[in-house]
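[1] Sharing a sequence plus its predicted fold:
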Protein chains: 2
Amino acid sequence: MIEEITSITNPLIKMAASLKQKKYRSELGLFVIEGIRFAEEAVTSGWETEYCLYTKDAAQHDRVKRVLSALRERNCRQHQVSHSVYERISDTEHPQGILVIIKKKWHDLSELLVSGQEPFFIVLDRVQDPGNVGTMIRTADAAGCSGVILTDGCADLFSGKVLRSSMGSVFHLPIIDAVKMDFVRSFFVEHNISVLVTCLDTPLFHWDVAMTGPLAIVFGNEGSGVSQEWLAVADKKAKIPIYGKAESLNVASATAIFLYEAARQRRSCL
Amino acid sequence: MIEEITSITNPLIKMAASLKQKKYRSELGLFVIEGIRFAEEAVTSGWETEYCLYTKDAAQHDRVKRVLSALRERNCRQHQVSHSVYERISDTEHPQGILVIIKKKWHDLSELLVSGQEPFFIVLDRVQDPGNVGTMIRTADAAGCSGVILTDGCADLFSGKVLRSSMGSVFHLPIIDAVKMDFVRSFFVEHNISVLVTCLDTPLFHWDVAMTGPLAIVFGNEGSGVSQEWLAVADKKAKIPIYGKAESLNVASATAIFLYEAARQRRSCL
């Protein structure tokens, strides 16, 4: 018979619950992913899976059984927990009864070039809504980007909302997190990567600008747009035309529009 | 001195608070918008503004004073309420202390043609996430669509989350709400409006499909995509290519990509 953790004062449970907060995710170097689909992604991702916590009910399902078995092979410690304990740790509205605690992996800027693919990055400059950050990562993955760069001041990459909105894409391409703008800029200069800044201060529409070759597209904060620092070093600028009465587009929608115009232009090499 | 409503058992306050629920929005034919920016949109929108509730603190701001004065001219009844009463009614995380109760307006399909603009619509087929619905409306507005059609089973157009995500675009273009698919289909046939269905069951990419002329683009449910009924009557089908490991795109991102490819193709007439 499997022993079940039933106390919320259990140190592992307290640690797991603390990972809802960025402070403790940083201190411990760990984060949580939830649900069966995400757990399956974790298994194939190559990230280090430290602990898996699941409820008795969840463990009845074949998909969960398979994931638990695969995680065991990867030396991931597993514990059955009571429903009340699971609810204490879970950060989702409709918990599926399985979560995995994963060790953060730090990507270095140089890793962005490892794939040998022509550089095609997006830079998130102080994008604050976690749903936007996650969706932008998902779209970058779909559009064939070779990496995503989050500069200081973005929503925390390892928050539940960012991870959920990314639909697993955080595991699919290298993401550089919380990096200083200066480092990124030097890296781009060094590798002849052209910087396209999305802003309103230009007459050019996105479809008028060449997006082939080594390219990084910079997207700014929801309220204030791209920062002066990035505007000052832009090789190109472009905006999306607005035909109706909307003042602006959602930044994740703007990302989708830019990335697929880039993909359209680059499609012979993708 | 202005009299302030301080009791949450006040019938107007109970009515206002009930509008958080779809059931009562339907029964009363009213909905709530919050915040100064949205209140300003309401003033210029041409929708009937029934009540405005605000806190004493909010009323100190010049923008709020101007809005209150403009609403008064439109015969909108105004009441100052205490902070605790305002919190009871508010549906936002950071309330700005001003909300307006607006009478629902029913658009008819025929109104979609009133502008004289070449028909360019989006159809939302059981899109369930309120954030997605609102963002899709905002993008349709920006891309110059002449209307938005929500068929049965979409998130409620008048929920706080849809309204907030639309950033006011609900007031900018005609939106047909909760209409049956059959009616929409007949309307399209009658007016020679071509139906482009977004789905995976096609070899064609969005940029390979002609999107000029009278056009409606159909987007489906987040999990299951476009329904069989729409697939069966599609004049054209198209999908967005996926280059990375993402399984799919967010439906609001897909909408942005389709609408701006359409805008690119239609740009001589927009």
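    Perfect, thanks for sending it.
[2] And for A:Met15, nearest residue in space, chain neighbours not counted?
    A:Leu28 (7.0 Å; CB to CB, 6 or more residues apart in numbering or on different chains). Any C-beta I mention is one placed from the backbone N, CA and C, and that applies to glycine too.
[3] continuing past the one helix or strand A:Ala140 maps to, what's the next helix or strand?
    Assigned by DSSP states H and E, A:Ala140 belongs to helix A:130-142. The element immediately downstream of helix A:130-142 (helix or strand, assigned by DSSP H and E) is strand A:147-151.
[4] Contacts for that next one next, please.
    By CB atoms under 8 Å, 6 or more residues apart in numbering or on different chains, the surrounding residues in contact with strand A:147-151 are A:107, A:109, A:111-112, A:119, A:121-127, A:133, A:136-137, A:140, A:157, A:173-181, A:184, A:216.
[5] do that again at 7 Å, thanks
    A:112, A:121-126, A:137, A:140, A:157, A:173-181, A:184 (CB atoms under 7 Å, 6 or more residues apart in numbering or on different chains).
[6] The longest helix along chain A - contacts with which helices or strands?
    As assigned by DSSP state H, the longest helix anywhere in chain A is helix A:251-266. In terms of contacts (3 or more CB pairs under 7 Å, 6 or more residues apart in numbering or on different chains; DSSP states H and E), helix A:251-266 is packed against helix A:130-142, strand A:215-219, helix B:251-266.
[7] now the ones you listed in CSV, with mean pLDDT and mean neighbour count?
    Converted to CSV, these look like this (pLDDT from 0 to 100; neighbours: other CB atoms under 10 Å in any protein chain shown):
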stretch, mean pLDDT, mean neighbour count
helix A:130-142, 98, 27
strand A:215-219, 98, 25
helix B:251-266, 97, 25
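[8] where along chain A do the strands fall?
    Applying DSSP state E to chain A gives strands spanning A:4-5, A:30-34, A:49-54, A:77-81, A:98-103, A:120-124, A:147-151, A:175-179, A:194-198, A:215-219, A:236-238.
[9] where in the stretch 1-150 of chain A is pLDDT low?
    Scanning the stretch 1-150 of chain A for pLDDT under 70 picks out the ranges A:1.
[10] rewinding a little: Serialize the helices and strands packed on helix A:251-266 to JSON lines and add fields for distance to A:His79.
    Formatted as JSON lines, the helices and strands packed on helix A:251-266 follow (distance: least, CB to CB, whole Å):
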{"stretch": "helix A:130-142", "distance to A:His79": "28"}
{"stretch": "strand A:215-219", "distance to A:His79": "40"}
{"stretch": "helix B:251-266", "distance to A:His79": "37"}
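[11] Which one, of the ones you listed, ends up nearest to B:Ile242?
    helix A:130-142 (4.9 Å; CB to CB).
[12] How far does the closest one sit from its chain's centre?
    Centre-to-centre, helix A:130-142 and its host chain are 6 Å apart (CA atoms, centre = their mean, to the nearest Å).
[13] Residues touching it, excluding its own?
    A:122, A:124, A:127, A:148, A:154-155, A:159, A:161-167, A:169-170, A:172-173, A:175, A:222, A:251-252, A:255-256, A:259, B:131, B:242-246, B:249-250, B:253.
[14] What number of residues are in the vicinity of the residue nearest to A:Met15?
    Number of residues near A:Leu28 (other CB atoms under 10 Å in any protein chain shown) recorded here: 16.
[15] any idea how far it lies from chain B?
    From A:Leu28 across to chain B, the span is 28 Å (CB to the nearest CB, to the nearest Å).
[16] State the distance from that residue to A:Leu157.
    Using CB to CB, to the nearest Å, A:Leu28 is found at 15 Å from A:Leu157.
[17] returning to that earlier point: can you tell me which of the helices and strands packed on helix A:251-266 is nearest to A:Leu99?
    helix A:130-142 (17.2 Å).
[18] For that closest one, list the C-alpha coordinates in PDB.
    The C-alpha trace of helix A:130-142 is given here as PDB (Å, rounded to 0.1, in the frame of the first residue of the first chain):
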ATOM      1  CA  PRO A 130       1.700  36.600 -17.700                       C
ATOM      2  CA  GLY A 131      -0.900  35.500 -20.300                       C
ATOM      3  CA  ASN A 132       0.700  37.700 -22.900                       C
ATOM      4  CA  VAL A 133       4.200  36.400 -22.200                       C
ATOM      5  CA  GLY A 134       3.100  32.800 -22.400                       C
ATOM      6  CA  THR A 135       1.100  33.300 -25.600                       C
ATOM      7  CA  MET A 136       4.100  35.100 -27.200                       C
ATOM      8  CA  ILE A 137       6.300  32.200 -26.400                       C
ATOM      9  CA  ARG A 138       3.800  29.800 -27.900                       C
ATOM     10  CA  THR A 139       3.500  31.800 -31.000                       C
ATOM     11  CA  ALA A 140       7.300  32.200 -31.300                       C
ATOM     12  CA  ASP A 141       7.600  28.400 -31.100                       C
ATOM     13  CA  ALA A 142       4.900  27.900 -33.800                       C
END
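[19] thinking again about what came up before, filter the contacts of strand A:147-151 down to the buried ones.
    Neighbour counting with 16 or more other CB atoms under 10 Å in any protein chain shown marks A:112, A:121-126, A:137, A:140, A:157, A:173-177, A:179, A:181, A:184 as buried within those.
[20] Quick one: residues in contact with stretch A:51-70.
    Against stretch A:51-70 from outside (CB under 7 Å, 6+ apart): A:4, A:12, A:16, A:36, A:39-40, A:43, A:71, A:76-81, A:83, A:86, A:89, A:96-101.
[21] wait, A:Leu215 sits on A:Ser194?
    Yes. The pair A:Leu215 / A:Ser194 is scored as a contact, 5.3 Å apart, by CB atoms under 7 Å.
[22] who's in contact with A:Gln265?
    A:Ala210, A:Met211, A:Thr212.
[23] Just give the nearest non-adjacent residue to the first one, would you?
    Spatial nearest neighbour of A:Ala210, excluding adjacent residues (CB to CB, 6+ apart): A:Gln265 at 7.0 Å.
[24] Could you do the second one as well?
    Of all residues beyond its chain neighbours, the one nearest A:Met211 is A:Ala262 (3.9 Å), with distances taken as CB to CB, 6+ apart.
[25] And A:Ser18, by the same measure?
    That would be A:Tyr24: by CB to CB, 6+ apart, it lies 4.0 Å from A:Ser18.
[26] A:Lys236 versus whichever residue of the stretch 51-200 of chain A sits closest to chain B, what's the distance?
    Using CB to the nearest CB, the closest approach of the stretch 51-200 of chain A to chain B is made by A:Gly144 at 3.0 Å. Distance from A:Gly144 to A:Lys236, counting by CB to CB: 20 Å.
[27] Neighbour count for the two, which is higher?
    A direct count of neighbours by other CB under 10 Å for A:Gly144 and A:Lys236 places A:Gly144 higher, at 22 against 15.
[28] Quick check on the more buried one: phi, psi?
    phi 90, psi 20 (degrees, to the nearest 10).
[29] For the stretch 51-200 of chain A, what lies in contact range of chain B?
    Residues of the stretch 51-200 of chain A lying near chain B by CB under 7 Å from any CB of the partner chain: A:Gly131, A:Thr135, A:Arg138, A:Thr139, A:Asp141, A:Ala142, A:Ala143, A:Gly144, A:Met167, A:Ser169, A:His172, A:Leu173.
[30] what's the closest of those residues to B:Glu50?
    The closest of those, once distances to B:Glu50 are taken by CB to CB, is A:Gly131, at 31.8 Å.
[31] Output the strands of chain A in a markdown table; the columns should cover distance to B:Glu48.
    Below are the strands of chain A laid out as a markdown table (distance: least, CB to CB, whole Å):
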| stretch | distance to B:Glu48 |
| --- | --- |
| strand A:4-5 | 57 |
| strand A:30-34 | 44 |
| strand A:49-54 | 53 |
| strand A:77-81 | 53 |
| strand A:98-103 | 48 |
| strand A:120-124 | 41 |
| strand A:147-151 | 45 |
| strand A:175-179 | 48 |
| strand A:194-198 | 38 |
| strand A:215-219 | 38 |
| strand A:236-238 | 41 |
